[in-house]
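Engineer: Coordinates for the following, if possible.
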Amino acid sequence: MIKRILLANKKNSNDRYYTIDSLKKMVADYDREVQRIGEFYGSFKDSEDFHEYLDVPLNVRDVAFVVKELNVRGSSLVANIELLETPRGKELKRMINQISFRPVSWGFIKEDGAVEIERLVSINAIYKSTD
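Structural biologist: Numbers count the residues shown, from 1 in each chain. This is a model prediction of the structure:
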């Protein structure tokens, strides 16, 4: 399934925005990880308070999908997501209408709210209510 992950230059509910260069950096990081390990996994936790992301390997029990492609199309970061038949993947499939897909990254926020990406960490499924 094709999902828009981010729209460039549009402020989010945290008063932040991502530039086209930030989106391209995420794609470059994604490409490097796929080259390195062969896949790019995403996670889903069945909790609306899934906000804290640590720089640790993905917990295998939360793996729910694979990002098959990540590209910039126009001003959008777009992912081709394939749900997995894992316990979290099956739950995500049931909840898909209540879910957004968002990147987890390390970086800096400039004074004007622009996010400067240092490194893409993951793409995660989160509840729309916390997006």
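
Engineer: Would you mind writing the CA trace of the host helix or strand of residue 71 as CSV?
Structural biologist: Counting by DSSP states H and E, the element that carries residue 71 is strand 63-73. The C-alpha atoms that make up strand 63-73 are tabulated as CSV, following Å, rounded to 0.1, in the frame of the first residue of the first chain:
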residue,chain,number,x,y,z
VAL,A,63,7.7,-5.4,13.8
ALA,A,64,4.6,-5.0,11.8
PHE,A,65,5.6,-4.0,8.2
VAL,A,66,8.4,-3.6,5.7
VAL,A,67,9.0,-0.4,3.8
LYS,A,68,9.5,-1.6,0.3
GLU,A,69,10.2,1.8,-1.2
LEU,A,70,10.7,5.3,0.1
ASN,A,71,10.7,8.2,-2.3
VAL,A,72,10.1,11.9,-2.6
ARG,A,73,7.2,12.6,-5.1
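
Engineer: helices or strands next to the helix ranked longest in the chain in the packing?
Structural biologist: The longest helix of the chain (DSSP state H) is helix 20-37. Helices and strands touching helix 20-37, by 3 or more CB pairs under 8 Å, 6 or more residues apart in numbering; DSSP states H and E, are strand 63-73, strand 76-83, strand 99-109, strand 114-127. Glycine gets a C-beta too; all of them are placed from N, C-alpha and C.

Engineer: List of residues touching that helix?
Structural biologist: 6, 8-9, 40, 67, 70-72, 75-77, 103, 105, 107, 114-117, 119-120 (CB atoms under 8 Å, 6 or more residues apart in numbering).

Engineer: Just the buried residues of the residues you listed.
Structural biologist: 6, 8, 40, 67, 70, 72, 76-77, 103, 105, 107, 114-115, 117, 120 (16 or more other CB atoms under 10 Å).
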